[in-house]
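> from the sequence below, what's the structure:
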Amino acid sequence: MTTTQAARSMSTDPGHSPFVSITIVWGLIVGALNAAAPLALWWLDASTVHALAISLIASVYIGFAVADGRPRVIAIETGVAAAFVIVASIAVTESPWLLVAAYAGHGFKDLWQHRTHLVRGTRWWPPCCATIDWLVASIIAIEIIAGVHFH
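You can find the predicted model right below:
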């Protein structure tokens, strides 16, 4: 393959587009801010802050589903968001590892959404959100292993 053919291939491959690259960059920025959120909300336990954050992140898809307009999609996304709220709530009192699982799990949900397009109109969101989720999951895991206080 020539350099020109490779360049054309990359420009038509959505996995290598500048669009996807910039959404990942924004995901890293927002993910870093999300991971640092307990510093801004110092009066709350880090588990509580992250439980609120993952609940909010999971609920964003409800808005996308409402914009999509199909009742089945709204029901699915509402149920998925409710499951994340429940896991996040349990994490506050039981184990911050549940937050790691919730963020990582939501990242996989984003990947699934990116592949299936269940909710229409979210082309840019899943790669960005998966980046946020997996970065925060990684940082929380490192903090837990390092002994950062979560309860």
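
> give me the contact list for the helix or strand that contains residue 108.
Residue 108 is part of helix 97-116, with elements assigned from DSSP states H and E. Under the contact criterion CB atoms under 8 Å, 6 or more residues apart in numbering, helix 97-116 has outside partners 47, 50-51, 54, 57-58, 61, 80, 84, 87-88, 90-91, 118-119, 122, 125-127, 129-131, 133-134, 136-137, 140-141, 144. The way it works is simple: take the backbone N, C-alpha and C, and place the C-beta from them, glycine included.

> select from these every entry located in helices.
In helices, judged by DSSP state H, the following of the contacts of helix 97-116 are found: 47, 50-51, 54, 57-58, 61, 80, 84, 87-88, 90-91, 125-127, 129-131, 133-134, 136-137, 140-141, 144.

> pLDDT weak spots in the chain?
Residues of the chain meeting the criterion pLDDT under 70: 1-16, 19, 151.

> if we use 80, what do you get?
1-20, 149-151 (pLDDT under 80).

> need the buried ones from the ones in helices among the contacts of helix 97-116 selected in PyMOL.
Selecting only the buried entries of those in PyMOL, with 16 or more other CB atoms under 10 Å as the criterion:
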select buried, resi 47+50+51+54+57+58+61+80+84+87+88+91+125+126+127+129+130+131+133+134+136+137+140+141+144
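
> ramachandran coordinates for residue 117?
Residue 117 adopts backbone torsions of phi 60, psi 40, taken as degrees, to the nearest 10.

> how near is it to residue 91?
Residue 117 is 30 Å from residue 91, where distance means CB to CB, to the nearest Å.

> before we move on, what about residue 58?
According to CB to CB, residue 58 and residue 91 sit 13 Å apart.

> so what's the nearest residue to residue 83 once chain neighbours are set aside up against?
Nearest residue to residue 83, sequence neighbours excluded (CB to CB, 6 or more residues apart in numbering): residue 58, at 8.0 Å. Residues in contact with residue 58, defined by CB under 8 Å, 6+ apart, are 80-81, 83-85, 106.

> can I assume residue 149 is in contact with residue 46?
Yes. In this structure residue 149 lies within contact range of residue 46 using CB atoms under 8 Å: 7.3 Å.

> neighbour count for the two, which is higher?
Comparing residue 149 with residue 46 by neighbour count (other CB atoms under 10 Å), the higher total belongs to residue 46, at 22 against 10.
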